[in-house]
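Student: Mind folding the following:
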Amino acid sequence: MDFLVIDDDKTFRDAACLLVEEEGHYTQPAGGSQAALENLKDENFDAVLLDVKLGGESGLDLLTQLLRLQPNLPVVMLTAEGSVDVAVEAMRRGALDFLLKPFTREQLHRVLARLQRFQQMSQNIERLEREVKETKQQNPELLMDFESGPMRDMMGIVEKAARTPASVLLLGESGTGKSVLAKAIHQRSHLADKPLVTVSCPSLSKELLESELFGHVKGAFTGAVRDHWGKVKAAHGGTLFLDEIGDLPMEIQPKLLRLLQEREYERLGENVTRQADLRVIAATNRDLRKLVNQGHFREDLYFRLNVIALEVPALRCRVGDLERFASHYLKHFASQCGRNVRFNPEALTRIRSYPWPGNLRELRNAIERAVILAKADGEIGSEDMPVEGRVGADDHGITPQPGEMVTLERLEEAHIKKILDRTGSVAEAARVLGVDQATVYRKRKKMGLEPVHELQVA
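Tutor: All right, here's what the predicted structure looks like:
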């Protein structure tokens, strides 16, 4: 739990923070009303320990202000004066408990235990309310079931992996639903009632991303005007989802490795080692093994993340699911817009024939647009879909897959390109393909790829 400890006596305040942290919690000290209110505006706290007298200020008046900012915040009042009237007034203003100063370790332990039970009850209520809200909204991704073979196999692994604390690595193209799958893993795990915290690795600079992950103390860098707890602390007890992990800067990777191996971390500008009890799920659309070979990603970190790896197939490889996805999205957006709409056969043919290079994200946007712009009679035709019918897959930058309606020549070209990308040399590619180097050289030239200087042809 995160505690805001408010007391004008620094000696007592530091001692109280130490006792609370020894119980396994986090603390943020504040010496008066202004510091307390600034901290509460910047951070979310699970509970507050508040002295009734703050020098020339009233702790009871501050209690009212704190609860105005965060109405359900549990506040324990501290006082050296065991007045019944003060206790009654504190409870009337919304305090949850009352503790006399000086208190023993055992007395504090009992109060913290009550606060933890209160927090657990509040979290259960929030989770139930969230589940009811999600059910009413009918989130289309979370309600989907999967009929295609690849997805059935993958969901079988998800069910097994979710019940373990093992790290999970989600691989696949952008828009395939990796973040939705991460949420599904969390919800099926023993941590379902704990927080799921997401960090988008490419969204910030190196310094800000490190602070976002691990937190910082005041003065750690330019602009760090107050202490900050990061996402690792926010995910304590739950799941940390690292989206686009392939873009994590090399400078931060050793710290993430330490978090995975030792369950330890330190805030920027602080030498205090803290424990982190959490599960890590990572996702990327990049080839991490290739990044390792290029020296852009640590191999030891790759192996730590790659305990359970799941390749989320592209939408074009899930033809058996495509129409079901489209129907789910249609119902979802029709309900949101209050429209009675349907696909005509030509629209379904167009949906099935298009390669969907943007995967689920593109499909979702296309159907939302079609629902909004559909004719008055409610029929969605092929002309309402903002896509063209399937043309050469190469025109969309899409790699054709075995079993698709493409020529052998295009399938061969796609396979050779992929092998060349993965091997990095003509000699190695020729060995994998089972042909001589001259054949690879000729085919590369025919495909219009860049000249190869490493090959000497007699």
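
Student: going forward, measure contacts and count neighbours with C-alpha atoms only.
Tutor: Noted.

Student: For the chain, which residues score under the pLDDT cut-off?
Tutor: In the predicted model, the chain carries pLDDT under 70 at residues 82-83, 127-150, 386-407, 424, 448-458.

Student: Okay, domains of it per the record?
Tutor: The chain breaks down into these domains under automatic domain parsing: 2-116, 158-311, 315-394, 407-446.

Student: where do the strands sit along the stretch 151-300 of the chain?
Tutor: 168-171, 196-200, 239-243, 264-265, 274-275, 279-284 (DSSP state E, counting those that start in this stretch).

Student: who touches the fifth one?
Tutor: Contacts of strand 274-275 with the rest of the structure, by C-alpha atoms under 8 Å, 6 or more residues apart in numbering, involve 263, 264, 265, 266.

Student: what do you get for the third one?
Tutor: The contact list for strand 239-243, computed with C-alpha under 8 Å, 6+ apart, reads 179, 182, 186, 191, 194-201, 231-232, 278-284.

Student: Name the residues of it that are buried.
Tutor: 239, 240, 241, 242, 243 (16 or more other C-alpha atoms under 10 Å).

Student: Can you add distance to residue 30 and give the residues you listed back as TSV?
Tutor: Below are the buried residues of strand 239-243 laid out as TSV (distance: C-alpha to C-alpha, whole Å):
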residue	distance to residue 30
239	29
240	29
241	31
242	32
243	34
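
Student: picking up where we left off before, mind checking which of the domains of the chain is nearest residue 124?
Tutor: domain 158-311 (6.9 Å; C-alpha to C-alpha).

Student: gap between the two ends of that closest one?
Tutor: This stretch, domain 158-311, spans 11 Å end to end (C-alpha to C-alpha, to the nearest Å).

Student: for stretch 227-242, same thing?
Tutor: End-to-end distance (C-alpha to C-alpha), stretch 227-242: 23 Å.

Student: what's the spacing between that stretch and its chain's center?
Tutor: 10 Å (C-alpha atoms, centre = their mean, to the nearest Å).

Student: Residue 238: neighbour count?
Tutor: By the criterion of other C-alpha atoms under 10 Å, residue 238 has 24 neighbours.

Student: any idea how far it lies from residue 212?
Tutor: Taken as C-alpha to C-alpha, the span from residue 238 to residue 212 is 17 Å.

Student: neighbours of residue 16, just the number please.
Tutor: 21.

Student: and what of residue 346?
Tutor: 13.

Student: thinking again about what came up before, indicate which one of the domains of the chain is closest to residue 122.
Tutor: Closest among the domains of the chain, once you apply C-alpha to C-alpha, is domain 2-116, at 9.2 Å.

Student: Off-centre distance for that closest one?
Tutor: The answer for domain 2-116 is 32 Å, by C-alpha atoms, centre = their mean.

Student: can you give me the end-to-end distance of that domain?
Tutor: Domain 2-116 end-to-end distance (C-alpha to C-alpha) = 11 Å.

Student: Same check on stretch 185-203?
Tutor: 24 Å.

Student: May I see the buried residues of that stretch?
Tutor: 185-187, 189, 191-201.

Student: Need the max-distance pair from the residues you listed.
Tutor: Taking C-alpha to C-alpha as the measure, the buried residues of stretch 185-203 have their most distant pair in 193 and 201, spaced 24.8 Å apart.

Student: For residue 125, find the nearest of the domains of the chain.
Tutor: Nearest of those (C-alpha to C-alpha): domain 158-311, 10.2 Å.

Student: would TSV of the domains of the chain with distance to residue 152 be doable?
Tutor: What follows is the domains of the chain, written out as TSV (distance: least, C-alpha to C-alpha, whole Å):
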stretch	distance to residue 152
domain 2-116	40
domain 158-311	10
domain 315-394	11
domain 407-446	26
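
Student: Indicate which one of those domains is closest to residue 123.
Tutor: Closest among those, once you apply C-alpha to C-alpha, is domain 158-311, at 7.3 Å.

Student: The closest one: how far from the chain's middle?
Tutor: 8 Å.

Student: residue ranges for the helices of the stretch 201-350 of the chain, please.
Tutor: Along the stretch 201-350 of the chain, counting by DSSP state H, counting those that start in this stretch, helices occupy 206-214, 231-234, 253-262, 288-293, 299-305, 319-337, 345-353.

Student: Comparing those, which comes out most buried?
Tutor: helix 231-234 (a mean of 24; mean count of other C-alpha atoms under 10 Å).

Student: Mind giving me the packing neighbours of that helix?
Tutor: If you count contacts as 3 or more C-alpha pairs under 8 Å, 6 or more residues apart in numbering; DSSP states H and E, helix 231-234 packs onto strand 196-200, helix 206-214.

Student: now the ones you listed in a markdown table, with distance to residue 60?
Tutor: Output for the helices and strands packed on helix 231-234, formatted as a markdown table (distance: least, C-alpha to C-alpha, whole Å):
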| stretch | distance to residue 60 |
| --- | --- |
| strand 196-200 | 34 |
| helix 206-214 | 34 |
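
Student: Which one of the ones you listed lies nearest to residue 321?
Tutor: strand 196-200 (27.1 Å).

Student: Quick check, residue 220 in contact with residue 267.
Tutor: No. With contact defined as C-alpha atoms under 8 Å, residue 220 does not count as touching residue 267 (9.1 Å).

Student: higher neighbour count, those two?
Tutor: Between residue 220 and residue 267, residue 267 has the larger neighbour count (other C-alpha under 10 Å), namely 24 against 17.

Student: Break down the stretch 51-200 of the chain into its helices, ranges please.
Tutor: Under DSSP H, counting those that start in this stretch, the stretch 51-200 of the chain gives helices at 59-69, 84-92, 105-137, 140-143, 149-162, 178-187.

Student: Out of those helices, which is closest to residue 363?
Tutor: Between the helices of the stretch 51-200 of the chain, helix 140-143 lies closest to residue 363; by C-alpha to C-alpha that is 11.7 Å.

Student: now residue 95, nearest residue through space, not along the chain?
Tutor: Counting by C-alpha to C-alpha, 6 or more residues apart in numbering, residue 75 is the residue found nearest to residue 95 once chain neighbours are left out, at 5.0 Å.

Student: In this structure that neighbour contacts residue 91, no?
Tutor: No. Checked against C-alpha under 8 Å, the pair residue 75 and residue 91 is beyond contact range at 9.6 Å.

Student: Can you check which residues contact both of the two?
Tutor: residue 97.

Student: Tell me which of these two has more neighbours.
Tutor: More crowded of residue 75 and residue 91, by other C-alpha under 10 Å: residue 75, with 25 against 17.
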